[in-house]
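Q: got a sequence here, can you model it:
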Amino acid sequence: MDKKTGYLLLLLGAAFIAGGAGLALASFYGGLPFPEPFALAGDLNVSSPNGAAVTIPMPPQINKAANLSFFFMLVFVLMGAGARLGNLGVKLIKEPPAPKDKTPK
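A: Below you'll find the predicted structure:
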């Protein structure tokens with residue numbers, strides 16, 4: 001039973017890793033758009049304690065950089081979870097070491 005579960009976890013981990021790599025490749029080659037959870041619009045207004053206010057214009061590249069960073073973190077977590085599942089599967093597949101005799105000689 002442990003070996004079947006180990007093989008299942010190993011295949012599931014490999015599927016997570018392959019899925020993450022496929023998602024990254026499809027996004028880079030234009031098959032899928034990047035997710036866009038961040039949409040900073042307009043200017044950023046910063047005021048100091050002495051009453052001076054500064055307006056910082058936000059270029060559109062800020063949104064692209066933030067969204068791309070979020071996407072890479074998401075893929076990294078997905079592939080890391082796949083590696084952990086695969087490692088757990090390999091540990092279940094391996095035979096446990098033979099028990100040593102603990103009686104004194």
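Q: for whichever strand or helix holds residue 80, packing partners?
A: Element membership for residue 80 (DSSP states H and E) is helix 61-93. The contact analysis (3 or more Cβ pairs under 8 Å, 6 or more residues apart in numbering; DSSP states H and E) places helix 61-93 against helix 2-28. No exception for glycine: its C-beta is placed from N, CA and C like everyone else's.
Q: past the helix it packs on, which element shows up next along the chain?
A: Next element after helix 2-28 (DSSP H and E): strand 43-47.
Q: got the angle between the helix holding residue 80 and helix 2-28?
A: 160 degrees (axes from the mean of the first three to the mean of the last three Cα atoms, to 10 degrees).
Q: contacting residues for the nearest residue to residue 84 once chain neighbours are set aside?
A: The shortest distance from residue 84 to any non-neighbouring residue, by Cβ to Cβ, 6 or more residues apart in numbering, is to residue 13 (7.2 Å). Residue 13 is in contact with 81-89, counting by Cβ atoms under 8 Å, 6 or more residues apart in numbering.
Q: can you tell me the centre-most residue of this protein?
A: Centroid-nearest residue in the chain, with Cα atoms, centre = their mean: residue 77, separated by 1.8 Å.
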